Each structure stands twice: as C-alpha cells, then as structure tokens.
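> Return a 3D structure for these sequence lines:
(2 chains)
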Amino acid sequence: MNCENYQILLSDFVDGTLPAEDCARLELHLGSCPDCTDARSDLRVIVDFCRGQRGQYDSLPNEHAMWLRISNLIEAERGLSNQLQPATEPGRLFRLMHRSWQVSLPQLAGIVGAVVVAVALATGFGVRQFLGTGTPTLAQITPEVPIPERHRQQQEMIAYWNQRVDLNKARWSQQMRDTFDRNVGVIDAAVDDSMKQLAVNPHDPVSEDILNDALNDKVALLKEFSDY
Amino acid sequence: MKLFASDNRKPVKNLSAVFSILIVLTASGFALAQQKVSRRFPAGKNVRFELKNVTGTITVETWDRDEISVTALMDNRKATINPRITEAGLVIDIVGDNRALGNVGDINFKIQLPARSSVDLETRSGQINVHNVQGDLVRAHIWTSGDIQMLGVNASRVFASNVEGNIFFDGDLIAGGTYEFKSGRGTISLQLPASCGFHVVATSSVKRISMGPFWDERRMRLLSEGRRVTGDVGDGRASVTITNYQGDIQFFRR
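Next up, the predicted model:
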C-alpha cells in the first residue's frame, strides 16, 4: 500500500476502531514514514480538539472577514448562474431534484460511504484550516503596522490562544498550573516594562524589540500549551 | 514530655531502628514506583538526535561508540516512549506519544551519543544539560522553568532559551557560527576562550550586562541607556545574540 492508502486508515486508527491486522501494518508503516506520522499527529490534534470542543462553539477571530468572503462568493455565484441560465427554463438543479432515482442496496451503500468520506474530509480540512490559517499568525502582523495597532492585534491572538489554554488547564497538575502562570507572569512583566518605556520614549528600538519578542514568546507559549 | 527515662536507652534504640527501616522502605518504594527504560540504537558519526519531553531532566553526554544510548527514568509507568529512527537519526517525542495519557509525570533522560552529533532538545519544564557535543547544531529550549547548562560545546549553531532559569554556556565559538541565548528571568553566562571572535548584541531590560574581559570601549557601544550592548570582539565573525527580559548577562574568560 502507498501513503495515500495508509492515510485513509488513519481516521479509524486514531478512533481505535481499526482491525488489529491493519493496525499492525499501519504502525509498521508509521515507524518509517515521517509524512504519515505527521498526518497522524495532525489528525490526532484535530480529533482531540473536536472532542474538547464538543457541544461548544468558538467564534473565529476573523469571523467578520470570513462571513464577508462567503457572502461575496454567494453573490458571485448567483450572478454567474443568472448569466448562464435563462430564467424561464427549469434549471439543472431543479431537474436533478425532481428526477426519480432507483438504486440497488450496494449502490446506496456506496453513495452513503462516499458522502461520509466527503463530509469527514471536508470537516478535517475545515478544522485544519481553522487551526492553521484560520487563526491569526505572527507573520500576518507586519512590522510596518504602528506599535499600538500591532500590540492590539497581538493581544487579540493572545486572547484567542488563552481561551484554548483555559479549556485544558483543569486537566493539568497543580504544579504545572503554577509553573505556567508564573512563567506567563514573567513575560507579562516584560511586556508591561516595555510599554512603560515606550510611553516615555516612543521610538526606543530596544523597548520595541523586547515588546515584540515578549508578545511573540507569549503566543508561542500559549500555543504550545493549548493542546496539553 | 518525657518519653523514656535516661537510664533506659533501649526503647530509644528500638525506635531509631524502626525509623531507619521505615526510611529505607519508603525510599525503595519510590525507586520501585519509577520505571527505568534503556535502549541502544546504531548511529553514524554525524547523527541528529531530537527529543521533546514534557517534564524532567535531560542530560546529553558524548562517548566513543557509534550508537545512541537512551536511558529514561519515568514517574508514570503508563507513559510511552516510542523512539523513531529516521534518515537523519533518532527522534523521541514524549508529547506526541502520550497525548491521550494526560499527566505523563517526570521523565528523566540520560542520552549518550557520538560527539559529532547534532542535538535538538525541548521540554515544557525541567533542566537540560549538554556536555561535549561537537556537531553542527545544539538547541535546548525550555518552554517554562528550568536551567540550561552547556559544557564543552563546540557547534556552529547553538540556541538556548527558557523563561525562568539560568543559562550557562561554556564552549568555543566557530567563525561564521550563530549563537542565540534567551531567558525571561535568570542569569545568562557565557564562558569563552580569550582568543574567540564574535559580534555581540546583548539586551537586558534591567541594564545588567557585564562583558567582563571582552569589553572594549573602542569597538562596543551602549544603546538605550545601557540596556543593549553591541560591538565586535576579535575578528567578530561569529554572531552572538543574547536577550534577557529581567535578568543578568555575564561574560567570562575561560
């Protein structure tokens, strides 16, 4: 089997529902294939996240932009379909919906299977997008942006990751919670100190560097602990 | 309160014996509760070793054999260690291997590998010690608290960072090499040979930067009221960047 076939098995593998024989083959392959191992790790993170989020809804940090894009896409498609189809004739979708279908049981099972796979892939891709590019990244915050605006954007990111850390914090040991809080305090102190310095001297390059470093460190720390 | 008459010391002796036995039993109980795992892996001379731990001490040493020895002492017997041999070397990812377990507990690692190895070490908390490694890369990153000690390190790329804890580097700087040290609160100390040459950018927001014997007022300057020192030492060919939010930066001559 190639990597593509192995990766199809990953979902069942992560859920623990894969037959023992396939499980053994897959584990053997994972031992030698970093790509599939990464795919497994990604899928596991997604599944863990979904389990953690079950029954809850997190608003996206760039929710407004996302809805705007969706709205634009719908408008664009509507305009395109209006141009392509005469309004008087029933559309292809209409004919498709009103056609009678006769399928055998294996065909039906195949269709259901295909729908399930498509939905699973779409969900996986969607969650991955949400975790990866959906969340704001440091790269998106350019140095050209003025300091207060940059700071505000970074604080938004911190609030987002903080929310995710808070979901997991209850599972940590008391010692880990104390250590984490103390270390976040160290970084916060550096941020406060830099902000005070910048209030006195707005163009101090050292304070700017420390502020950026400290905020980036905080985001990285929160990200690291968000799946712990 | 008088427990025993001074003329009768036997009960005191018995009590001491009972306490001694209890202490021994308790200590052996702790020892038995921990699990020790040792494995060896064949390796070339220029192997790369990666370890991502959760909590615990990581000690890396070098030896003359072409193999990597991994010894782990685990608090939680359910913790999984699943070393993965890759084309480049050996990878151990405790975080990934134990995602479903929750609290992994302390895992203390002792690693022995060929001197020309590259090492990339990471832990969420705990100490990292690296001794005598001379490969291309030495990276030690502690996400929160823990000291980092690098002794006899001779690598062209060295990175050490933590939030709370000291960083001590004793080694050579290679011309053209990159050396980065960063801490939130702790002392960063570099002990270097007198002959080494490097360009330094050292930043400490609390203004405690001591260049020691490497200070040269003609080739170095202070910025932002002494919160940053920048300049060249010797040929200035290695690049040393040090950032400390709330702690000291110190240079010593070996």
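> which residues does the residue of the stretch 1-150 of chain B found nearest chain A contact?
Relative to chain A, the nearest point of the stretch 1-150 of chain B is residue B:144 (4.2 Å; Cβ to the nearest Cβ). Using the backbone N, CA and C atoms, a C-beta is placed for each residue, glycine as well. Going by Cβ atoms under 8 Å, 6 or more residues apart in numbering or on different chains, residue B:144 touches A:179, A:180, A:182, A:183, A:221, B:124, B:125, B:162, B:163, B:164.
> can you do 7 Å?
A:179, A:180, A:183, B:124, B:125, B:163, B:164 (Cβ atoms under 7 Å, 6 or more residues apart in numbering or on different chains).
> Tell me which of those residues fall in strands.
B:124, B:125 (DSSP state E).
> For the contacts of residue B:144, pick the one with the most neighbours.
residue B:163 (28 neighbours; other Cβ atoms under 10 Å in any protein chain shown).
> Check that residue and give its pLDDT.
Listed pLDDT for residue B:163 reads 97.
> so it sits right up against residue A:183, yeah?
Yes. If you go by Cβ atoms under 7 Å, residue B:163 and residue A:183 touch, sitting 4.2 Å apart.
> Common neighbours of these two, please.
B:144, B:145, B:184.
> okay, these in a markdown table with secondary structure next?
Converted to a markdown table, those look like this (DSSP: H, G, I helix; E, B strand; the rest coil):
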| residue | secondary structure |
| --- | --- |
| B:144 | coil |
| B:145 | strand |
| B:184 | coil |
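> so which of the residues you listed would you say is closest to residue B:230?
Checking those against residue B:230 by Cβ to Cβ gives residue B:184 as the nearest, at 21.2 Å.
> Now for that closest one: which residues touch it?
A:183, A:186, A:187, A:190, B:163, B:164, B:245, B:246.
> who does the closest residue to residue B:204 other than its chain neighbours bridge with?
Excluding the flanking residues, the one nearest residue B:204 by Cβ to Cβ, 6 or more residues apart in numbering or on different chains is residue B:244, at 4.5 Å. Bridge pairing for residue B:244 (DSSP bridges) gives the partners residue B:183, residue B:204.
> so residue B:244 touches residue B:189, yeah?
No. Shown here, residue B:244 and residue B:189 do not form a contact pair, counting by Cβ under 7 Å, at 10.7 Å.
> okay, these two: which has more neighbours?
residue B:244 (25 against 19).
> domains for chain A, by residue range?
A:3-53, A:138-225 (automatic domain parsing).
> Give the rounded mean pLDDT of stretch B:167-182.
97.
> Oh, that last question was meant for stretch A:7-19, not what I typed.
83.
> Need the per-residue pLDDT for residue 143.
No chain specified, so I'll use chain A. 55.
> if you could check chain B rather than the one you did, that'd help
96.
> I'd like to know how far the residue nearest to it when sequence neighbours are not counted sits from residue B:94.
Among residues not flanking residue B:143 along the chain, residue B:124 sits closest, at 4.7 Å (Cβ to Cβ, 6+ apart). Applying Cβ to Cβ, to the nearest Å, one obtains 10 Å for the distance of residue B:124 from residue B:94.
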